[in-house]
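Trainee: take this sequence and fold it.
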Amino acid sequence: MITDHVAVFFALTAIVALAIQLERRITLFKSLGAALTGILIGMLLSNLGILPGTSRTYEFLMGPGVNLGIALILLSVDLRSVLRAGPRMLAAFGIGAAGTAAGAVTGGLLLSGLIGPETWKLAGQFTGTYTGGGANFAALGGAFETSPNLFSAATAADVIVTAVWMATCLAVPVLLGHPKQRQVPPDGEASRSKPATLERMLEDSVRPVSIVDTAALVMIAVGSVWAAEQLAGVTPIPNVLWLTSIVLVLGQVPMVKGLAGSALFGNYLLLLFLASNGASSVVATLVAAGPPVFYFAAITVLVHGLVIFGIGHLLGFDWGTLAVASQANVGGPASAVALAGARGYVDRLLPGVAVGLLGYAAGNYVGFAVAALMRTLLGT
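Mentor: Here you go, the predicted structure:
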């Protein structure tokens, strides 16, 4: 068994590198995603006795490590871009977030007897991740100190349910009626534009990362994590909410906005954190926790879907807008872009990204509020 802390860290970096390559090259792992693949590899090595079940390396990644990742991701959120979304997309997103919160409360009340005393934690995490994506799930899990076994089971459930919901959202506009949409970009650029796909959007967003930008980003992220810890120590407001607030404010400063690489580095740290979480998991306990946790995730998204498509349709919103907004809730901005690109909703690409970024910003607040509510309702 590997016991040296530096060697454990090296093993985790190797897991992440392997998970990313598998996601890029093999269809099965592309469906699972690098995050879940890293968790599964970590679990395998841990349960085979190659990696330890506990390590100071894991403790670092589950504390300061994940907080740094969240800080870096949130530094890339431009709140002014939300104005591009327009009132209908913003309203649809808000309806979806309310549906997610209602679903998490419903699932928690129905399944608390099966899941146990940490039900309120999962309610908060599922609310966060189905308001704006997986970054919120990791941030809230770290703040609540969710047990590794439950965290890993919930991550697996999240991946499965998110994938099923993507397929559902792709089908809804076709099955229920085609929305009114603009199939060409504005300003007569159709002839010069490549197809609106997720890969194209990512290609257009690439900027070179310099050592100057990297040094500034690390300084800002570490300083934000430290400041959040200090403020949480002298106020009743939790660390994760302080961190979210501080970084969102700093991210709007023009000089900070111009720094490249924050989302890249932040996502890498999250992958390391998730791999360490997998290595901390015991399979027997994970399997025992699995089915109720999956039902919890499924109920949360099902209620979300009923609310956003039901209320949205009653308000006269088109199915395409509702589908993109729902993906911004459940999968984050990348999922919203993927769906809009796949269906040719060119006029919904930027609005989908904008409300997805809003979900990153709002998910921690909403998730924490639902967790507090569930803890009160369940008396835990």
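
Trainee: center of the protein - which residue?
Mentor: Nearest to the mean C-alpha position of the chain, counting by Cα atoms, centre = their mean, stands G134 at 1.6 Å.

Trainee: gap between that one and P333?
Mentor: 11 Å (Cβ to Cβ, to the nearest Å). Glycine gets a C-beta too; all of them are placed from N, C-alpha and C.

Trainee: what about the helices in the stretch 101-250 of the chain?
Mentor: For the stretch 101-250 of the chain, the helices defined by DSSP state H, counting those that start in this stretch occupy 119-132, 134-144, 148-176, 198-205, 211-234, 239-250.

Trainee: so which of these is nearest L373?
Mentor: Ranking these by proximity to L373 (Cβ to Cβ) places helix 119-132 first, at 8.0 Å.

Trainee: what angle separates the closest one from helix 148-176?
Mentor: For helix 119-132 against helix 148-176, the angle between stretch directions is 40 degrees (axes from the mean of the first three to the mean of the last three Cα atoms, to 10 degrees).

Trainee: pLDDT averaged over helix 119-132 - what is it?
Mentor: Mean pLDDT, computed over helix 119-132, is 94.

Trainee: can you check stretch 137-145 too?
Mentor: In this model, stretch 137-145 has a mean pLDDT of 86.

Trainee: neighbouring contacts of that stretch?
Mentor: Stretch 137-145 is contacted from outside by 62-63, 66-67, 69-70, 118, 121, 124-126, 128-129, 151, 154-155, 158, 238-240, 243-244, 270, 273-274, 363-364, 367-368, 371, using Cβ atoms under 8 Å, 6 or more residues apart in numbering.

Trainee: now do stretch 44-56
Mentor: Here stretch 44-56 makes contact (Cβ under 8 Å, 6+ apart) with 1-3, 5, 8, 11, 15, 42, 276, 278-283.

Trainee: how about these, which pair is most distant?
Mentor: Farthest pair in these, by Cβ to Cβ: H5 and V283, 23.6 Å.

Trainee: what's the pLDDT at V77?
Mentor: With respect to pLDDT, V77 scores 72.

Trainee: cool, F317 as well?
Mentor: What the model reports for F317 is a pLDDT of 91.

Trainee: quick one: residues contacting it.
Mentor: Shown in contact with F317 (Cβ under 8 Å, 6+ apart): R88, A91, A92.

Trainee: need those in a markdown table (columns: distance to L248).
Mentor: As requested, the contacts of F317 are exported to a markdown table (distance: Cβ to Cβ, whole Å):
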| residue | distance to L248 |
| --- | --- |
| R88 | 24 |
| A91 | 22 |
| A92 | 22 |
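
Trainee: ok, which stretches of the stretch 251-380 of the chain are helices?
Mentor: With helices called from DSSP H, counting those that start in this stretch, the stretch 251-380 of the chain shows them at 254-257, 262-279, 283-314, 319-331, 333-343, 349-378.

Trainee: any chance of TSV for these, columns mean neighbour count and distance to L111?
Mentor: Formatted as TSV, the helices of the stretch 251-380 of the chain follow (neighbours: other Cβ atoms under 10 Å; distance: least, Cβ to Cβ, whole Å):
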stretch	mean neighbour count	distance to L111
helix 254-257	12	42
helix 262-279	24	22
helix 283-314	19	5
helix 319-331	29	19
helix 333-343	23	25
helix 349-378	23	11
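
Trainee: now for the host helix or strand of L90, which elements pack on it?
Mentor: Assigned by DSSP states H and E, L90 belongs to helix 86-115. Applying 3 or more Cβ pairs under 8 Å, 6 or more residues apart in numbering; DSSP states H and E, we find helix 86-115 packed against helix 119-132, helix 283-314, helix 319-331, helix 349-378.

Trainee: distance-wise, check the residue nearest to the centre of the chain relative to V8.
Mentor: For G134, the distance to V8 (Cβ to Cβ) stands at 24 Å.

Trainee: kindly report the same for A279.
Mentor: 8 Å.

Trainee: how about the contacts made by G99?
Mentor: Contacts of G99 (Cβ under 8 Å, 6+ apart): V303, H304, G305, L306, V307, I308, I311.

Trainee: chain neighbours aside, what residue packs nearest to the last one?
Mentor: Spelled out, that is I311. Nearest residue to I311 in three dimensions, chain neighbours excluded: I95, at 5.3 Å (Cβ to Cβ, 6 or more residues apart in numbering).

Trainee: pLDDT score assigned to that neighbour?
Mentor: Note on I95: pLDDT of 95.

Trainee: try G53
Mentor: pLDDT, G53: 79.
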